[in-house]
Each structure stands twice: as C-alpha cells, then as structure tokens.
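K.L.:
The following block contains a protein sequence and its predicted model.
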Amino acid sequence: MQLAALGIGENELEKAFQDIWDGLRAWQLWCLFGLNDVRMRYRRSTLGPFWATLSMGIQILITGFVMTYLFHTTIDRYLPFIAISLITWSTLTGMVSDSAMAFINSADLILQVKRPLSVYLYQAIWRNIIVAAHSIIIFFVVAILFGLFPEPVYILVVPGLALLVANVIWIAGVAAILSARFRDIPMIVTNAFTALFWLTPIVYEPNQLGGRMAKLIMLNPLSHIIEVFRAPLLLSMPTATNWAVAVGSAIVGWLVLLLLFARARMRIPYWL
Amino acid sequence: MNINTSVPTHGVESVSNRDAIIAAEKLAIDIPVYDAGSRSLKQMLMLKPIASAFRGASHVGGAIALGARGVVVVRAIDSMSFEIKAGERVGLIGHNGAGKTTLLRSLAGIYEPTGGHLRTVGRIMPLFNLMEGMMPDATGREFIQIRGVLLGLRQSEVDALAADVIDFCELGDYIDMPVRMYSTGMLVRLAFAIATSATSDILLFDELIGAGDARFMEKAQQRLQRFVDRSSIVVVASHNRAVLQQWCTRAFLLEHGKLLHDASVQEVLETYDRRRAAEGA
C-alpha cells in the first residue's frame, strides 16, 4: 500500500506503533491519572463513584418498569436485559465522548513534556473502566435476584468483552484524534450517540420491533458489537453474524485508527 | 505545509554527561493556525505586497504565510542551524514571540520538526511549567506522587523524592493538606523542590520562577545551582540579564523565528541592545 498517498511520511507508521507500545509501558502513569480523575471528581462526596452506580440503578429501575408495561413483557425477563444494556451503552458512550476530549483537555501536559500520546487515550479509557466497574455490580445483583445464574455459556463473555473493548478503543481513538483537529467533533459525537441510542437495540430487543425495522437495526454494527457481550451474560448465544460483524469492524476500525494515527501523531501537538 | 521530517533520535535514555548533544540543521517549525480569525487573516495576506511595505512594523511573531490548502501558517522557527555540546549553557534572548518557547518545545521533542533536522542525545528535562499535573484538590503528598510518576520515576525513587522535597520545603503538616489551601509562595516552593530533585542530561527552562521569601530564595539558589551543575546541557529562555550572565556560557539572539546572533552572552546582549535602540529611534 502506498502510505505516501495517504499523507503518511516515512517511518511514521513505525513511530505510531512505537507510541502505542511506549504508552502501554507507561501504565503507571495512566493508571494513576485515570484513578486520580475519578478521585478528584468524587472527592469529599460520601458515595464517591457509587453515585454513578446509584444514578444508573435508578435509571434502570424506572426504564425497567415503564418498558415492561409498554412492551407487555415480564419484569423478570426484562430487568436483567435493560440493566446490562444501559450499563454497556453508557460505558461505551462515556468512553468515546470522554476520549474525544482526551488530547484537548491534556493540552497543557502534552505541550510540557514529550510523552507517548496514546497515554492520554489510555487514561480516558481507564477512568471510564473504573466507573463501569462500579456500575456493573447492578447487573449481577439483578441477575441473581431474577435467577440468572452463571452457566457454561458465560465463558463467551470473555471473547465478547474483548471484542467490545477492541471496538470501543478504536472508535475512541479516532474521535480523540479528529477532535484535536476539528473542534466540532466532540459535539457531533455526543449528538450521534443520542441518535444511535434509539437505533441500537438497547431498551428493546430486535425481535420486539419485528419485520423490516428489525433488519434495518441490525445494519448498525453497534447492535452486533453490544450483542456479543450482552447475550452470554443473559445466557443466550450470540449469532454467527454477531461475531462476524464484531470481528470485522474491530479489524477495519483498528486499521483506520492506525493509519490515522500514523498521519496525525506528530501534528497533534501543533493542533492544541 | 511541508512535512519533511527527519527521524529525531530523541533522547530518552540517560547518557554519560560528556555525550549529551543537541544538533539542529536548518530546523524549521511551522505552526498551523485554525482559529476562526484565519479568514480575515487570509484576506490580509492577499494584500501581501502592500503588507510587506510595512514590514518591520511588527516586532513580534514569526512570518505569517498561507500553507497548503489555504491554512494560515506561522513560521515560528525559520531555518536554524546550531550545535550545543556537553557542558554548554545557552541562554535564549529575544522579544516576546521571537520563538524562544517554540524552540524549547522543539528541543524537548514536543514539536517535531516540520523541516530540517534535529538530533538530541541525552535524557531531557523540560521545566516549562512547574505546576504540571497540579490538581487543586490533591494534597501536597499526592502532588509529589503525581509529579514523580510524570517524571517517570519508580515507586522507590518517588518515596526518596518525597522525603527530600518535604525536608526542603519546610511545609510541615501542610504536606497533607490540599494544595488549594497553600499560599502562592508555598506552592512555588513545593513545585520548585520537586522539579529540581530529579537528574537529567539536558535541562530546558522557560523563564525562571521568582517567588517566596528572601531566605527561601537563597536556599533555592543553591539548590538550583547544584541541579544545573548535575546536568550537562542547559538551555534557558529568560528576560533576566542577571540570570543569563550568571549562568550561561553562550547566548542565542532570536528574532522572528530566526537565529540572528550566536555568541557569548555579553556580545549577544550588546547586539540585542543595539537593535532595540535602532527600533526605538
């Protein structure tokens, strides 16, 4: 492939890989920073990050009751579904819209010392993982309350989560890079996710839509990316299509991210 | 914008003090400006023949030009060539906007060259903002931890750093208070003590800090001297003549992103004064 045609200078791809790797090796830095971000945000509050858990819990309960009534379904079936759906979705959108500001908000740090730029992305992701770890508790409580005990299919949660994370990271990375250059992107990202919320099976299951609408919704890759993680937790098997789309979008997405990063890496400090 | 970048063999590993080096060859840094005002700037540049008649009217900033795809570009560093060897202490002199900070950022590896070559060997310590990583709600002790990790130290080194800094700052019990409770003087002490406790080969300063009481300043002076002595190359941008004369062995006069004069501090200061007098007349 002609990298020069894409505006990528010689050695730039190599340096992009180096940046990603050096960033990973500086885990102490982003782990501490991510943790500090969470600490600072909830400092002096009694509940701390459990505020996120609490508000998520309330949202799940209310959505659960309203939708059970609306969809004529039963609460024991619907509540675990809406719990994991909302937690997954809010983590995903939180990570991406937070990452969109990763370089912009760290401008002071970036213009201070030479460091791998990927560090700031890892920091944004890690901080959201910490918050997500507090929220996911709700799902397990709900699951046990309604008798969804782990079965062998739970094993599939591992590859499902890996695929989900791989996909979220490339979306977050692309958002971070583009946002540094085009400052409308963070707002576009936020708005896009508000729209996508209803175009992704989060509050409803695709079969509840039925017919052509269900097919249409499954054109949204996010539907599949979420399903490979969610289905095993609800003790069902993701379909082959789910796996294929999730793997495919991870591969294509990472390719896009790497090329974009190779092209933009050295320019990012200039954009801040 | 012409992105013809050399591979900056950028200093990460510490080297023997004698091997530290900074070598620039036709170094150029073009900074694109994407802000909203660029449209009117573009119109201004269309009238460039007229504008050039007034050249010299502006003392500040590098040359402004239109880059590729109509982006306004400021040539902050324009074709600079120099070599700084181990043991040299270089002072950067120039107006605001002459390119001092940009040059320091480029030496630190933050701005990779958009033209020419830059080679640095040795571990670089940029001290542009001593408050880097400062969060108002963090305690002094947490701040030391944050700075330690930012400087890339191991936990054992961070602990040693904490002991050294606490001893030097004389902050007492305040070290466990949130830094937003500190007075400016206390804050500067803390930041200064942390910044000057690590060792590196190449030190880059952007204006030295001057706050705190007289007794502390004296103590700070000694500590700073030891710190500078430990490193092999020092580059400092300052408007403070006393600092330049006391510390530097060589000076660069920067103007509009160009390296105008590279000589001893005394000579360069004289050139600087002559040019200012000429402008004033």
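P.N.:
All right, it came through fine.
K.L.:
Read off the pLDDT value for the residue in the stretch 51-200 of chain A that chain B sits nearest to.
P.N.:
Closest to chain B within the stretch 51-200 of chain A is A:K114: 3.6 Å, counting by C-beta to the nearest C-beta. For the C-beta atoms, the positions are set from N, CA and C on the backbone; glycine is no exception. A:K114 is assigned 85 on the pLDDT scale.
K.L.:
I figured it was touching B:A108, is that so?
P.N.:
Yes - the pair A:K114 / B:A108 is scored as a contact, 5.7 Å apart, by C-beta atoms under 8 Å.
K.L.:
Can you pull the phi/psi pair for the closest residue to chain A within the stretch 101-250 of chain B?
P.N.:
Proximity of the stretch 101-250 of chain B to chain A (C-beta to the nearest C-beta) peaks at B:G109, 3.6 Å away. Main-chain torsions, B:G109, degrees, to the nearest 10: phi 90, psi 0.
K.L.:
Find the residue closest to it in space, skipping its chain neighbours.
P.N.:
A:K114 (3.6 Å; C-beta to C-beta, 6 or more residues apart in numbering or on different chains).
K.L.:
got it, and A:N128?
P.N.:
Closest to A:N128 by C-beta to C-beta, 6+ apart is A:M95, at 4.4 Å.
K.L.:
Just confirm the one you found is within a helix.
P.N.:
Yes - under DSSP: H, G, I helix; E, B strand; the rest coil, A:M95 falls within a helix.
K.L.:
What does the pLDDT read for it?
P.N.:
Value for A:M95, per-residue pLDDT: 93.
K.L.:
what's the neighbour count on it?
P.N.:
25 (other C-beta atoms under 10 Å in any protein chain shown).
K.L.:
residue contacts, it?
P.N.:
Counting by C-beta atoms under 8 Å, 6 or more residues apart in numbering or on different chains, A:M95 touches A:A124, A:I125, A:N128, A:V168, A:A172.
K.L.:
The same query, at a cut-off of 6 Å, please.
P.N.:
Counting by C-beta atoms under 6 Å, 6 or more residues apart in numbering or on different chains, A:M95 touches A:I125, A:N128, A:V168, A:A172.
K.L.:
What is the three-state secondary structure of the residue in the stretch 151-272 of chain A positioned nearest to chain B?
P.N.:
Per C-beta to the nearest C-beta, the residue of the stretch 151-272 of chain A with the smallest distance to chain B is A:M266, at 4.3 Å. Three-state call for A:M266 (three-state DSSP): helix.
K.L.:
Show the model's pLDDT score for the residue lying closest to it once chain neighbours are set aside.
P.N.:
Take A:M266 and drop its neighbours on the chain: the residue closest to it by C-beta to C-beta, 6+ apart is B:E112, 4.3 Å away. B:E112 is assigned a pLDDT of 89 by the prediction.
K.L.:
A:I251 too?
P.N.:
96.
K.L.:
Three-state assignment for residue 113, please.
P.N.:
As the question left the chain open, I've gone with chain A. Under three-state DSSP, the three-state class of A:V113 is coil.
K.L.:
try again with chain B
P.N.:
B:P113 - assigned by three-state DSSP - is coil.
K.L.:
That one: how many residues sit nearby?
P.N.:
Neighbour tally, B:P113, other C-beta under 10 Å: 23.
K.L.:
pLDDT on whatever helix or strand B:G148 lives in, on average?
P.N.:
Using DSSP states H and E, B:G148 sits in helix B:140-150. Here helix B:140-150 scores 82 as its mean pLDDT.
K.L.:
Centre of the chain to whichever helix or strand comes after it, how far?
P.N.:
Sequence order places helix B:155-169 as the next helix or strand after helix B:140-150, per DSSP H and E. When C-alpha coordinates are averaged (C-alpha atoms, centre = their mean, to the nearest Å), helix B:155-169 and its chain have centres 25 Å apart.
K.L.:
What about B:V71, how many residues nearby?
P.N.:
When neighbours are counted by other C-beta under 10 Å, B:V71 registers 15.
K.L.:
How far off centre is stretch B:269-281?
P.N.:
24 Å.
K.L.:
Quick one: residues in contact with it.
P.N.:
For stretch B:269-281, the surrounding residues in contact (C-beta under 6 Å, 6+ apart) are B:I93, B:L253, B:H261.
K.L.:
The first one against B:E255, yeah?
P.N.:
No - in this structure, B:I93 sits apart from B:E255 without contact. The criterion is C-beta atoms under 6 Å, and the distance is 9.5 Å.
K.L.:
between the two, who's got more neighbours?
P.N.:
B:I93 (24 against 20).
K.L.:
What's the separation between the more buried one and B:D159?
P.N.:
40 Å (C-beta to C-beta, to the nearest Å).
K.L.:
that older thread, now do the helix holding B:G148: which elements does it pack against?
P.N.:
Here helix B:140-150 touches helix A:27-42, helix B:155-169, going by 3 or more C-beta pairs under 6 Å, 6 or more residues apart in numbering or on different chains; DSSP states H and E.
K.L.:
Just the buried positions in it, please.
P.N.:
For helix B:140-150, the neighbour count (16 or more other C-beta atoms under 10 Å in any protein chain shown) marks B:G140, B:R141, B:E142, B:F143, B:I144, B:Q145, B:I146, B:R147, B:G148, B:V149, B:L150 as buried.
K.L.:
which non-adjacent residue is nearest the fourth one?
P.N.:
The reference is to B:F143. Of all residues not flanking B:F143 in the chain, B:V179 sits nearest, at 5.7 Å (C-beta to C-beta, 6+ apart).
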